[in-house]
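Q: got a sequence here, can you model it:
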Amino acid sequence: MLGNHKDNYKQRNENQINVSEKLFEDLCEINKLKITKLGFDEKTGSINYFYTLHPIIRKLPDYIMEYKNKLHYVEVKGTNKIKVDDINTYTEFYKLFCKNNPLHIAIVNIGEADVKFKNFNTIKKLIKNLPIKRFKNDNKMYYEIPV
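A: Predicted structure coming up:
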């Protein structure tokens, strides 16, 4: 069962698979890229008091990926709409952990079974010229990243 952006958090994550992460994993397997799960799995790994953790811990990238003799952090997104709060947390993560290992956002287009990788530095440059929008369901601010 697929989650829907109109559903609340609990509805999106009950008894469902993360299709975006599954497509990303399949792409990595096809291309013989070694990945290791890093962040929390909201579909199967629910823990009590999760929101008491520091935001950087809560929003750890989903994977570490080996590519061109280097380790890369990868955050998988099922949309090109990235919340301003997430950008802020990724910025802090980047400052602390990305001196030798770059951070990428993998934007998955489920309908086309396609994954676009965006380096976080590229996204930071892009958003300087993008308007901030708001989700209708919760009024949270986001950027719509061109892919």
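Q: by contact count, what packs against the strand or helix carrying residue 142?
A: Per DSSP states H and E, residue 142 falls inside strand 141-144. Counting contacts by 3 or more CB pairs under 8 Å, 6 or more residues apart in numbering; DSSP states H and E, strand 141-144 packs against strand 81-83, helix 84-97, strand 133-134. Glycine gets a C-beta too; all of them are placed from N, C-alpha and C.
Q: average pLDDT across the following helix or strand past the longest one?
A: The element immediately downstream of helix 84-97 (helix or strand, assigned by DSSP H and E) is strand 103-109. The pLDDT scores in strand 103-109 average 96.
Q: tell me which strands strand 103-109 pairs with, and in which orientation.
A: For strand 103-109, the paired strands and their directions (DSSP bridges) are strand 70-77 (parallel), strand 114-119 (antiparallel).
Q: so what's the gap between that strand and the chain middle?
A: How far strand 103-109 lies from its chain's middle: 6 Å, per CA atoms, centre = their mean, to the nearest Å.
Q: what of stretch 42-51?
A: 16 Å.
Q: before we move on, what about stretch 135-147?
A: Using CA atoms, centre = their mean, the offset of stretch 135-147 from its chain centre is 14 Å.
Q: low-confidence ranges, the chain, go.
A: 1-15, 44-45 (pLDDT under 70).
Q: contacts only, for the residue of it positioned farthest from its centre.
A: Taking CA atoms, centre = their mean, the residue of the chain most remote from its mean C-alpha position is residue 69, at 22.6 Å. By CB atoms under 8 Å, 6 or more residues apart in numbering, the contact list for residue 69 is empty.
Q: gap between residue 23 and residue 116?
A: 12 Å (CB to CB, to the nearest Å).
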